[in-house]
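Peer 1: Pasted the sequence and its predicted model underneath.
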Amino acid sequence: MADGVRTQQIADSPYTLLHIWFVTLALKLLLFVGYHSTDFDVHRNWLAITHNLPLSQWYIEDTSQWTLDYPPFFAYFEWFLSQLVPQIVKDDGCLDLVEKGQYGLPTVYFQRLTVIVSEIVLFWSLHWYMQTSKKRDHITFSRSYVVAASLVLSPGLLIIDHIHFQYNGMMYGFLILMINNARLKNYLWCGFWFALLLCFKHIYLYLAPAVFIFLLRSYCLNLKFSKKANIFVNLIRLIRWKNSIKLGLVVLSVFGVAFLPFYNQLPQLLGRLFPFSRGLTHAYWAPNVWAIYSFLDRLLIQVYKNLPLSHYPLQSLFEFNPLLLEDESLISSSTRGLVGDIEFLILPTITPQLTFYLTLFYQVLALLPLFYQPTFRRFLGALTLCGYSSFLFGWHVHEKAILLVIFPITFLVSRDKVLLGPFNLLVGCGYVSLFPLIFTCNEWPVKVIYTILWYIIFYFNFRKVVSIPKVNEGNILDRVINGYILGLIPLVIITTLIDIFENKFEFLKKLEFLKLMLYSIYCGVGIISSFNGFFWYYFIYDSLWID
C-alpha cells in the first residue's frame, strides 16, 4: 500500500522540465540580436561548404580561414541545416562561400534558432534520466530533477551557445544519453551514443579512456575464474566473446557510417581534426596548470629585469637566453597567449609530449579503481577525473572544455554532501572563467546576474536533496571554499571597472591582458584545488563510489 502511494506521489509530482523550457526560451529569444563571436561565421561558412560543394571537397575547401574541422557527423548536421535555409536567409548571404561572410539579421535569426531547436536533445535526454529515476523513490527523483534543472539552466551553455555561439547543448545531450544508459546497464546503447558523440565532436576523446575501461570491465571481461578449469580455459573465458563482438560491431558501424564516405580524404580530415601546430595555450589562458606556469614565467621575467641580484640564481637554476628578455615584442606576443608556438623566456618550454604524458598519467590513476570496481558512481568519478586531467594538463585547451568536467560531476554531487565542496569550487570558478568570452557591455548583466542567480539557487537546492554525508568532514574547509568563491565578486568588479574606464584613461587600454590573466589565474587556482579535493575523495573513500 505504501509503495503504491509513493508511486502515485512521484507520478503526480510537479517536477518537470517543460516550464524551464519556456522560461529559457524567452531569454534565448531576447539574446538573438546580441553579441556573437567569430564562431558564428565559422558555422555559417560550414553551412555554405556543405551546401555548395560535393562531399569529396568538404575537408579540402579553404576559401575562408574558417575551414571545416569537426568530425563527419557534424558536417552531415551542417548539411542537413543548410537544406532548411529559407530563401530570405539565402538572399541574406547565409550560404555564400566567401572569404569573409556578409550577412544580416535573417541569417542571425536562422542560426540562433537552430541552436535552440538542437538543444531539444539535451531536454529530452534529461527528461528520460528523470523518468527512469521515477522507478526508485521520491528522493531519488527529486535529486534527478535538481541535477537536470542545473544542467538545463547551465550558465556555461547560455554563454557559449546562445551568446558566443556553438551547439554544445546537443552534444551534451548525447553525453547524458550515454551516461544514463551506463546507469541502466544498457551497455550497447552506451557504446553507441558515445561513438556517435565522438563522430560529432572529437573533444570528447578526453573522456574516452573512462568509457572504454567501464565497458571493457562491465560488459566484455569475465574475471570470475573457475578453480576446476585449467589456465588455458580460464584465459579463453576471460573475454566475453559474444558481448565483445556485439559492442565492437556497434562502435565500428557508427564510425564506418561517419568516416567511410571520406576514405579518400582521411589525411586531410585527420589533419583538420588534430592541428598539433597550435600552441600550448588558446586565445587566452584557459584556467589550468599552464596558466599558472605561464604566469610564473611572466613573474620571473619581471623579477629578473627589476632585481639585479636575481640574475645569477635564476640563470643557474634555469637555462635561458638573457638577450631574449630585452625583446619587448617577444615578451608582449607570448604574454597575449596568441595561437601558435608560445615562448617561455625563463622557464623550460612545455612540449606536446609532456602534456600528453601528464594527462595520461592522471587518467590512468583514475582508471585503475574503475577497473577493479566498475560501479556506475565509480564510472562517473573516472569520467570526471579524465575531464579534469585533460583540462588541467592538455595541449591547447579551450576554456569551454570546463563543461566536460562539470557535466559528469553534477550527477555525483546530489547524493553525498561531501562532494559539494569540490563541485561548488569547480562551477563557481569554471563558469566565471567563461566571462571574458563575452566582453560587450550589453551582455554583461546577462552573464553576471544569470550566473550569480544560478549559483545561489542550486547551492541551496543541492544541499536540500543530498543525504547525510558518508565522510565526516569539518566545516572549516567549506568556509574556505565559500570564501574563495566570494572572491570572484571583486574579481568581476575590478575587470568590469577596467572595461568601463579604459576609453577614458589611456593606460587602462594597455591592461587588456591583465583582465584575462586575473580570470585565468584566480579561476585556475580554484579549479586545481577542486581537482585535488575530488582526487582525494576518489581514492581515499571507497564508500562514496558504491551504487
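Peer 2: Done, it's in.

Peer 1: quick one: Cys523 and Ser433 touch, right?
Peer 2: Yes. Using Cβ atoms under 8 Å, Cys523 makes contact with Ser433 at a distance of 3.9 Å. From N, CA and C alone the C-beta is placed, and that goes for glycine too.

Peer 1: Need the overlap of contacts for these two.
Peer 2: Pro287 (Cβ atoms under 8 Å, 6 or more residues apart in numbering).

Peer 1: Now stretch 25-41: average pLDDT?
Peer 2: Mean pLDDT, taken over the full extent of stretch 25-41, equals 92.

Peer 1: That one: how far from the chain's middle?
Peer 2: Distance of stretch 25-41 from its chain centroid, counting by Cα atoms, centre = their mean, to the nearest Å, is 20 Å.

Peer 1: List the buried residues of that stretch.
Peer 2: 28, 31, 35-36, 39-41 (16 or more other Cβ atoms under 10 Å).

Peer 1: Quickly check the residues you listed for the two that are furthest apart.
Peer 2: Lys28 and Asp41 (19.9 Å; Cβ to Cβ).

Peer 1: Following the chain onward from the helix or strand where Phe462 lies, which element is next?
Peer 2: Here Phe462, judged by DSSP states H and E, is contained in helix 444-465. For helix 444-465, the following helix or strand on the C-terminal side (DSSP H and E) is helix 476-486.

Peer 1: Summarise which helices and strands whatever helix or strand comes next after that following helix is packed against.
Peer 2: Note on helix 476-486: by DSSP H and E, the next helix or strand toward the C-terminus is helix 488-501. Judged by 3 or more Cβ pairs under 8 Å, 6 or more residues apart in numbering; DSSP states H and E, helix 488-501 is in contact with helix 420-432, helix 512-540.

Peer 1: swap the cut-off to 10 Å and go again
Peer 2: Under the contact definition 3 or more Cβ pairs under 10 Å, 6 or more residues apart in numbering; DSSP states H and E, helix 488-501 sits against helix 420-432, helix 444-465, helix 506-509, helix 512-540.

Peer 1: winner for burial among the ones you listed?
Peer 2: When the helices and strands packed on helix 488-501 are scored by mean count of other Cβ atoms under 10 Å, the highest mean neighbour count falls to helix 420-432 (a mean of 24).

Peer 1: List every C-alpha atom in it, with coordinates, as CSV.
Peer 2: Output of helix 420-432 as CSV, limited to C-alpha atoms (Å, rounded to 0.1, in the frame of the first residue of the first chain):
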residue,chain,number,x,y,z
LEU,A,420,29.6,19.6,-2.9
GLY,A,421,32.8,21.4,-1.8
PRO,A,422,34.9,20.4,-4.9
PHE,A,423,31.7,20.9,-7.0
ASN,A,424,30.9,24.4,-5.8
LEU,A,425,34.5,25.5,-6.3
LEU,A,426,34.5,23.9,-9.8
VAL,A,427,31.3,25.5,-11.1
GLY,A,428,32.0,28.9,-9.4
CYS,A,429,35.4,29.3,-11.0
GLY,A,430,34.6,27.3,-14.1
TYR,A,431,31.6,29.5,-15.1
VAL,A,432,33.2,32.8,-14.2
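
Peer 1: ok now it, how far from the chain's centre?
Peer 2: 13 Å.

Peer 1: Now do that helix and helix 488-501, the angle between them.
Peer 2: Using axes from the mean of the first three to the mean of the last three Cα atoms, to 10 degrees, the inter-axis angle of helix 420-432 relative to helix 488-501 is 10 degrees.

Peer 1: Report the residue spans of the chain with pLDDT below the cut-off.
Peer 2: Applying pLDDT under 70 to the chain flags residues 1-15, 135-137, 225-235, 276-278, 282-284, 327-343, 467-474, 508-510.

Peer 1: how far away is the nearest residue in space to Phe274 that is not next to it in sequence from Leu270?
Peer 2: Closest residue to Phe274 apart from its sequence neighbours, by Cβ to Cβ, 6 or more residues apart in numbering: His202 at 7.9 Å. His202 is 10 Å from Leu270, where distance means Cβ to Cβ, to the nearest Å.

Peer 1: Compare these two (neighbour count), which wins?
Peer 2: His202 (17 against 13; other Cβ atoms under 10 Å).

Peer 1: gap between the more buried one and Leu260?
Peer 2: 17 Å.

Peer 1: and what of Met170?
Peer 2: In terms of Cβ to Cβ, Met170 sits 23 Å off from Leu260.

Peer 1: same question, Lys100
Peer 2: Going from Lys100 to Leu260 by Cβ to Cβ gives 34 Å.

Peer 1: for Tyr459, same thing?
Peer 2: For Tyr459 relative to Leu260 (Cβ to Cβ), the value is 48 Å.

Peer 1: Leu347 now?
Peer 2: Remark: distance between Leu347 and Leu260 (Cβ to Cβ) = 45 Å.

Peer 1: quick one, which of the two is more surrounded?
Peer 2: Taking other Cβ under 10 Å, Leu347 and Leu260 do not tie; Leu347 has more neighbours (16 against 10).

Peer 1: Tell me how many other residues surround Leu404.
Peer 2: 24.

Peer 1: repeat for Tyr372
Peer 2: For Tyr372, the count of nearby residues is 10 (other Cβ under 10 Å).

Peer 1: and it, what is it in contact with?
Peer 2: For Tyr372, the contact set (Cβ atoms under 10 Å, 6 or more residues apart in numbering) comprises 217, 223, 378.

Peer 1: And those, which is closest to Leu314?
Peer 2: Of the contacts of Tyr372, the one sitting nearest to Leu314 (Cβ to Cβ) turns out to be Arg378, at 45.0 Å.

Peer 1: part of a helix, is the closest one?
Peer 2: Yes. Arg378: assigned to a helix according to DSSP: H, G, I helix; E, B strand; the rest coil.

Peer 1: surely it meets Pro408?
Peer 2: No. Counting by Cβ atoms under 10 Å, Pro408 is not a contact partner of Arg378; they are 11.9 Å apart.

Peer 1: Overlap of the contact sets of those two?
Peer 2: With Cβ under 10 Å, 6+ apart as the test, Arg378 and Pro408 both reach Ala210.
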